[in-house]
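In: can't give you the sequence, but here's the structure:
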C-alpha cells in the first residue's frame with residue numbers, strides 16, 4: 001500500500017476480465033473503479049476489451065440469424 005491509498009499490485013487476467021465486463025455494461029462501483037485504476041495491466045485491459053467485443057458481436061449475430069432465418 002502506497003501513501004496515496006492506491007494499491008499498485010497488478011491484478012490477474014481474471015480480475016481484469018471482471019472489471020472489463022462490468023465496465024462494458026456501464027455498471028461499476030466507485031470503490032471498485034478506484035481499486036482498478038492503479039492495478040490493472042493495460043495489456044490485459046486491451047485484450048479483455050477485444051474479447052468482450054468479439055463475444056458481444058457473436059451474440060448479436062446469433063440473435064439476428066435466429067430471428068431472420
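Out: Great, that's in hand. Here the structure is a predicted model, which is why all the values come from computation and not from measurement.
In: which SS class is residue 11?
Out: Using DSSP: H, G, I helix; E, B strand; the rest coil, the structure places residue 11 in coil.
In: Mind pulling up the pLDDT for it?
Out: According to the predicted model, the pLDDT of residue 11 comes to 80.
In: in whichever strand or helix holds residue 67, what's buried?
Out: Under DSSP states H and E, the secondary-structure element containing residue 67 is helix 42-68. Residues 44-45, 48, 52 are the ones in helix 42-68 that count as buried (16 or more other Cβ atoms under 10 Å). In short, each C-beta sits where N, CA and C put it, glycine included.
In: Identify, from the residues you listed, the entry nearest to residue 25.
Out: When those are compared for distance to residue 25, the smallest value, 9.6 Å, is given by residue 52; criterion: Cβ to Cβ.
In: What's the separation between that closest one and residue 69?
Out: Distance check for residue 52 against residue 69: by Cβ to Cβ, to the nearest Å, it reads 26 Å.
In: Next: residue 34.
Out: Residue 34 is 46 Å from residue 69, where distance means Cβ to Cβ.
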